[in-house]
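Enquirer: sequence and predicted structure are below.
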Amino acid sequence: MTQHNKTLGEFIINKQSEFKYSSGELSRLINSIRLAGKIVNHEVNKAGLVDILGTAGAENIQGEDQQKLDVYANEVFINTLVNREIVCGIASEEEDDFISIKGGNSKNDNKYVVLMDPLDGSSNIDVNVSVGTIFSIYRRVTPSGTPVTLEDFLQPGNQQVAAGYIVYGTSTMIVYSTGHGVNGFTLNPAIGTYYLSHPNMKFPEKGNIYSVNEGNYIHFPKGVKKYIKYCQEEKDNRPYTSRYIGSLVSDFHRNMIKGGIYIYPSTSKNPNGKLRLLYECNPMAFLAERAGGKASDGFTRILDIKPTELHQRVPFFCGNTEMVEKAEKFMNKTYKKE
């Protein structure tokens, strides 16, 4: 069987032995995410034909307008995970608080909690730009059989056992890692099956793309401003190419394949940054490191940050190791002067 003929289901079974806590639960969990992704993909692809575009008339915990498809995706992923009785808790960017889930014997005896951004980049839905789902999986730290607590979700990213994303674009892909490399699977919509299309994904050693919303330039820290000017200099294989979609999943996916850095820094308007540590930064940092890249807040490794709240925000620098380290140098040079 060639790599490209291998289905996601077969891949999960073949790789299960690599996971040190292997008992089948993690495989079932990833299979559930795969199923939910297919359901959401179906709705994303017909969103313009039905009444599912636009805002839902409510705000999420972040104070942002919830898109109708945001709400739908959130419900699909929660219901799929709850109905299969394989997680003991879920935290979502769209929910105010975490959800505690009992197992089939009315006990909270499942091992895993899932944190997710059900539909990242949803502000792009109405204009037919790629969006995605981001997910992060941890083993609970509280005793089995008891209700999950906030402690189970406020774990540093280095404790993740798996993370990934689904990108709903010109093709639909699920990209994930359980700590042993990063692999991408493309959906064949004709038969509803994901096939291994991008085995052992790695950031190229050199990158030439920088992704940042330059419209906020005036509000950026000096270090970010200086790094952007560095990227634009005509010197040593520069200027780099500027590419910014505004959908983290899409920007990260492109940069991992082509080589680049994604930056969402702190600003004078958002001094803690805007991206969420638990739902966006930690899972993407987990993938980046396992693909030979790096992720930081400009000074500190993302995966070493100890979360203090469910919806915590942090600045985010993620991509090619060399490019992230160069950006960090600019941040450190100017930090004391600001």
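Expert: Perfect, thanks for sending it.
Enquirer: any stretches of the stretch 201-338 of the chain with poor pLDDT?
Expert: For the stretch 201-338 of the chain, applying pLDDT under 70 flags the ranges 335-338.
Enquirer: now residue 255. Nearest residue, chain neighbours left out?
Expert: Excluding its sequence neighbours, the residue lying closest to residue 255 (CB to CB, 6 or more residues apart in numbering) is residue 319, at 5.1 Å. Quick note: C-beta positions are derived from backbone N, CA and C, even for glycine.
Enquirer: and for the one you found, the neighbour number?
Expert: Residue 319 has 28 neighbours, counted by other CB atoms under 10 Å.
Enquirer: distance of it from residue 260?
Expert: Here residue 319 is placed at a distance of 5 Å from residue 260 (CB to CB, to the nearest Å).
Enquirer: overlap of the contact sets of these two?
Expert: The contact sets of residue 319 and residue 260 overlap at 207, 211 (CB atoms under 8 Å, 6 or more residues apart in numbering).
Enquirer: follow-up on the earlier one: beyond the helix or strand where the residue nearest to residue 255 lies, next helix or strand please.
Expert: Residue 319 is located in strand 316-320, with elements delineated by DSSP states H and E. Proceeding N to C from strand 316-320, the next assigned helix or strand is helix 321-335, under DSSP H and E.
Enquirer: can I get the CA coordinates of that next one in CSV?
Expert: What follows is helix 321-335, C-alpha atoms only, in CSV (Å, rounded to 0.1, in the frame of the first residue of the first chain):
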residue,chain,number,x,y,z
THR,A,321,12.9,28.3,13.7
GLU,A,322,15.4,30.7,12.1
MET,A,323,12.8,33.3,11.4
VAL,A,324,11.2,33.1,14.8
GLU,A,325,14.6,33.4,16.5
LYS,A,326,15.4,36.5,14.4
ALA,A,327,12.1,38.1,15.4
GLU,A,328,12.9,37.3,19.1
LYS,A,329,16.2,39.0,18.8
PHE,A,330,14.5,42.2,17.6
MET,A,331,12.0,41.9,20.5
ASN,A,332,14.8,41.5,23.1
LYS,A,333,16.9,44.3,21.7
THR,A,334,14.0,46.8,22.1
TYR,A,335,12.2,45.4,25.1
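Enquirer: show me what that helix is in contact with.
Expert: The contact list for helix 321-335 (CB under 8 Å, 6+ apart) reads 203, 205-207, 210, 221-224, 226-227, 230, 260-261, 263, 292-296, 298-299, 317-318.
Enquirer: same check, this time on stretch 173-190
Expert: Identification of contacts with stretch 173-190 by CB under 8 Å, 6+ apart yields 7-8, 11, 15, 18-19, 26, 30, 33-34, 37-38, 41, 135, 161-167, 171-172, 193-202, 253, 256, 286-287, 290-291.
Enquirer: how far is that stretch from where the chain is centred?
Expert: When C-alpha coordinates are averaged (CA atoms, centre = their mean, to the nearest Å), stretch 173-190 and its chain have centres 13 Å apart.
Enquirer: would you mark the buried spots in the lengthiest helix in the chain?
Expert: The longest helix of the chain (DSSP state H) is helix 25-45. With burial defined by 16 or more other CB atoms under 10 Å, the residues of helix 25-45 counted as buried are 25-27, 29-38, 40-41, 43-44.
Enquirer: so is residue 113 in a helix, a strand, or just coil?
Expert: What DSSP: H, G, I helix; E, B strand; the rest coil gives for residue 113 is strand.
Enquirer: without its sequence neighbours, what residue ends up closest to it?
Expert: Residue 113 sits nearest to residue 89 (CB to CB, 6+ apart), 4.1 Å away.
Enquirer: so the one you found sits in a helix?
Expert: No: counting by three-state DSSP, residue 89 falls outside a helix, being strand.
Enquirer: give the contact list for it.
Expert: 98-101, 108, 113-114, 140, 148, 152-153.
Enquirer: would you turn those residues into JSON lines with distance to residue 181?
Expert: Output for these, formatted as JSON lines (distance: CB to CB, whole Å):
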{"residue": "98", "distance to residue 181": "30"}
{"residue": "99", "distance to residue 181": "31"}
{"residue": "100", "distance to residue 181": "33"}
{"residue": "101", "distance to residue 181": "30"}
{"residue": "108", "distance to residue 181": "32"}
{"residue": "113", "distance to residue 181": "23"}
{"residue": "114", "distance to residue 181": "21"}
{"residue": "140", "distance to residue 181": "25"}
{"residue": "148", "distance to residue 181": "29"}
{"residue": "152", "distance to residue 181": "27"}
{"residue": "153", "distance to residue 181": "26"}
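Enquirer: now, these that are in strands?
Expert: Under the assignment DSSP state E, the contacts of residue 89 contribute 99-100, 113-114 to strands.
Enquirer: which pair in these spans the largest distance?
Expert: Spatial extent of the ones in strands among the contacts of residue 89 (CB to CB) is set by the pair 100 and 114 at 12.5 Å.
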